[in-house]
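1. sequence plus predicted model, see below.
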Amino acid sequence: ALLDRALALGMPALALTDHDGLYGAVRFSTEAQKRGLRPILGAELTLTSEEHLVLLAEDRQGYANLCWLISQAQLAESKGHARLPLSLLPGHAEGLIALTACRQGPLARPLLAGERDAARAALRQLQQIFPAGYLYVEMQNHFLREDAALAAALAELAAEAGLPLVVTNNTHYAERDGHRLADVLKAIDHNVPLDDAQEWLRPNSEWYLKSADELAPLFADYPQALANSLEIADRCRVEIAFREQALPP
């Protein structure tokens, strides 16, 4: 469904960033190639600080590093609670493009808590890991109360650090109407009736795959941030024939 919508919107590529894994990578890549879309392989990793970091594979070395990092995160904790120590990233960041993630990211989370110095420190730490051109400050707008102010604060931090911005939309279903099924699945996940699941549900239906025309007005002050999504997509060119690997006997 995500691929079909991306194709209908005229997008040249789409990234799939499962949490702490590459669970959908094989099916996603296979179906994307059938549709003439470039699949971008990545993951949204949970750090030991409970903050999130998005990593996209630019090339085969990046994909290998991503697989290694995911394995370390999965092995570090019990099943279903993968956590990656940030200390493992140096030495395994080659070929990976990092985005500073959603409201749970290492920048947005402290900014929302009013801790700008902590956000600056986190950004400096990421700059020491990822070379120039491989770290983007990610901004989103899902019509939550703090979103516009958060985007402005992120833009200020990026400007201070000389880093590029990129616009994304946190996508959990293809079409807007998909929020109803997403809510039901979340209630099932917590084993509660839908009426009792409000604390775990997203507050609106904005977590779908949006077109450039929908996003552009929300980020009119940051046109380059929108354009940078295409720049990143053009750089990520990992081609893996999943059914043709030379596996050991």
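-> Yep, it's here. Since this is a predicted model, take the numbers as computed values, not measurements. Numbers count the residues shown, from 1 in each chain.

2. if I look at the residue nearest to residue 88 when sequence neighbours are not counted, how far off is residue 30?
-> Excluding the flanking residues, the one nearest residue 88 by C-beta to C-beta, 6 or more residues apart in numbering is residue 72, at 5.5 Å. Heads up, the C-betas are built off the backbone N, CA and C, glycines and all. Residue 72 sits 27 Å away from residue 30, going by C-beta to C-beta, to the nearest Å.

3. okay, those two: which has more neighbours?
-> Taking other C-beta atoms under 10 Å, residue 72 and residue 30 do not tie; residue 72 has more neighbours (16 against 13).

4. element containing that one, please.
-> Using DSSP states H and E, residue 72 sits in helix 60-76.

5. tell me the average confidence for that helix?
-> Averaging pLDDT along helix 60-76 gives 96.

6. give me the pLDDT for the closest residue in space to residue 161 that isn't next to it in sequence.
-> Distances taken as C-beta to C-beta, 6+ apart place residue 123 nearest to residue 161, at 5.5 Å, with adjacent residues excluded. pLDDT, residue 123: 98.

7. from the contact counts, what lies against the helix or strand hosting residue 123?
-> Per DSSP H and E, residue 123 falls inside helix 116-129. Under the contact definition 3 or more C-beta pairs under 8 Å, 6 or more residues apart in numbering; DSSP states H and E, helix 116-129 sits against helix 108-112, strand 135-139, helix 147-161.

8. then the first one to CSV, C-alphas only?
-> Provided in CSV are the C-alpha atoms of helix 108-112 (Å, rounded to 0.1, in the frame of the first residue of the first chain):
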residue,chain,number,x,y,z
ALA,A,108,13.7,17.1,19.5
ARG,A,109,13.3,15.4,22.8
PRO,A,110,15.4,17.8,24.9
LEU,A,111,14.1,20.8,22.9
LEU,A,112,10.5,19.8,23.8
